[in-house]
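Asks: I would like the atomic coordinates for the input below:
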Amino acid sequence: MIFNKKTFIIKLAAVSIALTGVAVNAEKVKNVTEQAITGVSASIDKVSDKDDKSNSDEGKAELATQAGVSEETMAAKEKDSAGNKKDSTDGKAESGEEVEESDATTAAAVDAELEDEEKDKENIKLNLVYDRLGMAKVDTYLNVRKHPSETAKIVGKMTKFSGCNIYNIKKGWAKIVSGQVRGYVKAEFLYKDDAALERAIEVATLRANVKTLTLNVRFLPTTDSRIYDLISRGSDYDIKKLNITESWMDKFMSKHAKKKDIKLINKEEMYADLDNWACIHIDDELCFVCKEYIKTSYKVDRAVKIKAHKKKKSSKGSSSSSGGGGNQSIVDYAMQFLGNPYVWGGVSLTNGCDCSGFTMSLYAKYGVSLPHFAASQASCTRSVSAAEAQPGDLFFYGSGEISHVAMYIGNGQIIHASNSRTGIIISNAYYRTPVKIGRVG
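Replies: Purely as a prediction, here's the structure:
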């Protein structure tokens, strides 16, 4: 099959796959069990435009897969062999040690680099361990059910273009696994085989996953900079810029950085250390992390596991109000809008909203008036502890001042309007550190 004049082949033969501590031989992939393939995600390796290098890279990728070497490790080795500098720190988080400064990048080179980034999707090869790839063919979300029936319990949700492994299709239902979710979806709502592969290539994004338990995120790429937030292992963060140049950094600071943050740093030292940093998205904001403590790979979205929230017993009964803490109905209402678009300043649950517009509109349905600003919403709520958090409570995030709000849906999860790529999604409530948990009413 040919996409953009390039050949993309899913290689399964003689591949050894390491999953959740269990080695599975690809010769048995046709008979693989659900347990063996749980948690697998689609990842993508870049392939060079040049035929000779492309062949070499394909060989290395296949060899790495056969040896059970992680794609992130191979990607790091490939970067080293390409001449990128390797961090020589001794393993301490954000060491900030200087490395040699790379050659100055000309304006023409910067423009060429930006053009190359736009063409990334044309120069990637899916190296999938799925037996059969499926992608959600919906505009919002697709329910994953425990059994092949429209009345069966919902165990997960796949947003638009989420990937899955298809085990089989019977009587219109596909038995699938996506991330940590196993169950059944209507087969008519899946792209399959070649069509699924084409969609995966189109929508996959480069993401960072934290290797340590927690990691500081900075306003600028230096340990002299203020800490923007603290992120945790287990969540993926979209990468805006993996290889930062001085010219790109100048443009970034002129547009995004505050004068007080620039005054705190030594620009010369920061520029000398740019190779050790990456720029990532946290919701609709940009910030920086040390490369040594992240794993990078191209990925597609996966299903999100849904669990019914268990009410905590109280001698005074449930603490419900007009859509307030403990009220599952507002969460059920919010879930109807999963997958809908993010629009900055928007208040429409269907056509687009931002984070505070989302929570404001949800509560308006229940007769509760909230302002259209995350920090103002925080002032309208009373603080509760993480242990006391109930469905319908609001989680507030930010650095210095509150800049993002989400609704708690129970079991350590939130639903929120995150950014223009993801729209309204479900996330781990601690994908970043909440500064306040507030209850309305």
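Asks: can you give me the helices for the stretch 201-350 of the chain?
Replies: 246-255, 259-263, 267-272, 328-335 (DSSP state H, counting those that start in this stretch).
Asks: mind listing what's buried in the second one?
Replies: To tie it back to what came earlier, the one meant is helix 259-263. Neighbour counts using 16 or more other CB atoms under 10 Å place residue 261 of helix 259-263 among the buried residues. C-betas here are computed from N, CA, C, even on glycine.
Asks: now do stretch 355-365: everything it contacts.
Replies: Outside stretch 355-365, the residues that touch it by CB atoms under 8 Å, 6 or more residues apart in numbering are 283, 323, 330, 333-334, 337, 343, 345-349, 353, 369-374, 376-377, 394, 404-407, 416-418, 424, 440.
Asks: so what does the top strand by length along the chain touch, helix or strand wise?
Replies: Identified as the longest strand of the chain according to DSSP state E is strand 401-410. Contacts defined by 3 or more CB pairs under 8 Å, 6 or more residues apart in numbering; DSSP states H and E place strand 401-410 against helix 328-335, helix 355-364, helix 374-379, strand 394-399, strand 413-419, strand 434-439.
Asks: quick one on the thing from earlier: which of the contacts of stretch 355-365 are buried, as a ChimeraX select command?
Replies: This is the ChimeraX syntax for the buried subset of these, where burial follows 16+ other CB under 10 Å:
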select :283,323,330,333,334,337,343,346,347,349,353,370,372,373,374,377,394,404,405,406,407,416,417,418,424,440
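Asks: returning to that earlier point: determine which stretch of the helices of the stretch 201-350 of the chain is the most buried.
Replies: The highest average neighbour count among the helices of the stretch 201-350 of the chain, using mean count of other CB atoms under 10 Å, belongs to helix 328-335 at a mean of 18.
Asks: check which helices and strands it sits against.
Replies: Partner elements for helix 328-335 (3+ CB pairs under 8 Å, 6+ apart): helix 355-364, strand 401-410, strand 413-419.
Asks: tell me which of the ones you listed approaches residue 155 most closely.
Replies: strand 413-419 (13.7 Å; CB to CB).
Asks: CA atoms of the helix or strand just after that closest one as PDB?
Replies: Note on strand 413-419: by DSSP states H and E, the next helix or strand toward the C-terminus is strand 423-428. Below are the C-alpha coordinates for strand 423-428, written out as PDB (Å, rounded to 0.1, in the frame of the first residue of the first chain):
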ATOM      1  CA  GLY A 423     -11.100  19.300  22.500                       C
ATOM      2  CA  ILE A 424     -13.100  18.100  25.500                       C
ATOM      3  CA  ILE A 425     -11.300  15.100  27.000                       C
ATOM      4  CA  ILE A 426     -11.000  12.900  30.100                       C
ATOM      5  CA  SER A 427      -7.700  13.000  31.900                       C
ATOM      6  CA  ASN A 428      -6.100  11.900  35.100                       C
END
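Asks: what packs against strand 423-428?
Replies: Using 3+ CB pairs under 8 Å, 6+ apart, strand 423-428 sits against strand 154-159, strand 413-419.
Asks: adjacent strands (with direction) for the last one?
Replies: Strand 413-419 has the following sheet partners, assigned by DSSP bridges: strand 401-410 (antiparallel), strand 423-428 (antiparallel).
Asks: where in the stretch 201-350 of the chain is pLDDT low?
Replies: 308-326 (pLDDT under 70).
Asks: quick one, strands of it?
Replies: Here the stretch 201-350 of the chain has its strands, by DSSP state E, counting those that start in this stretch, at 205-210, 214-218, 227-232, 236-241, 277-282, 285-290, 294-299, 304-305, 347-348.
Asks: now those in JSON lines, with distance to residue 435?
Replies: Shown next, in JSON lines, are the strands of the stretch 201-350 of the chain (distance: least, CB to CB, whole Å):
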{"stretch": "strand 205-210", "distance to residue 435": "19"}
{"stretch": "strand 214-218", "distance to residue 435": "14"}
{"stretch": "strand 227-232", "distance to residue 435": "9"}
{"stretch": "strand 236-241", "distance to residue 435": "18"}
{"stretch": "strand 277-282", "distance to residue 435": "13"}
{"stretch": "strand 285-290", "distance to residue 435": "14"}
{"stretch": "strand 294-299", "distance to residue 435": "23"}
{"stretch": "strand 304-305", "distance to residue 435": "24"}
{"stretch": "strand 347-348", "distance to residue 435": "24"}
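Asks: quick one, domains of the protein?
Replies: Domain segmentation of the chain under automatic domain parsing yields 2-42+128-203, 206-299, 311-439.
Asks: closest one to residue 305 among those domains?
Replies: Using CB to CB and comparing those, the one that lies nearest residue 305 is domain 2-42+128-203, at 5.1 Å.
Asks: show me what contacts residue 166?
Replies: 130-134, 174-176, 190, 192.
Asks: restricted to strands, list the residues you listed.
Replies: Going by DSSP E, the strands hold 133-134, 174-176, 190, 192 from the contacts of residue 166.
Asks: any of those residues buried? List them.
Replies: Buried, going by 16+ other CB under 10 Å: 133-134, 174-176, 190, 192, out of the ones in strands among the contacts of residue 166.
Asks: let me know the closest of these to residue 303.
Replies: Nearest to residue 303 among those, with distances taken as CB to CB, is residue 176, at 8.2 Å.
Asks: that closest one and residue 338: what is the separation?
Replies: Counting by CB to CB, to the nearest Å, the gap from residue 176 to residue 338 is 18 Å.
Asks: also residue 263?
Replies: 42 Å.
Asks: same question, residue 277
Replies: 33 Å.
Asks: tell me which of those two has more neighbours.
Replies: residue 277 (25 against 18; other CB atoms under 10 Å).
Asks: for the nearest residue to the more buried one once chain neighbours are set aside, the count of nearby residues, please.
Replies: Leaving aside its chain neighbours, residue 277 sits nearest to residue 221 (3.5 Å; criterion: CB to CB, 6 or more residues apart in numbering). Residues lying near residue 221 (other CB under 10 Å) number 27.
Asks: same question for residue 168.
Replies: Look at residue 168: counted by other CB under 10 Å, it has 11 neighbours.
Asks: test my guess that residue 390 contacts residue 408.
Replies: Yes: between residue 390 and residue 408 there is a contact under CB atoms under 8 Å: 7.1 Å.
Asks: look at the two and report which has more neighbours.
Replies: Set side by side, residue 390 and residue 408 give different neighbour counts by other CB under 10 Å, the larger being at residue 408 (27 against 22).
Asks: residues making contact with stretch 141-161?
Replies: Contacts of stretch 141-161 (CB under 8 Å, 6+ apart): 135-136, 138-140, 162, 164, 170-171, 173, 175-176, 178-179, 181-186, 189-190, 199-200, 203, 300-306, 335, 338-339, 422-423, 425-426.
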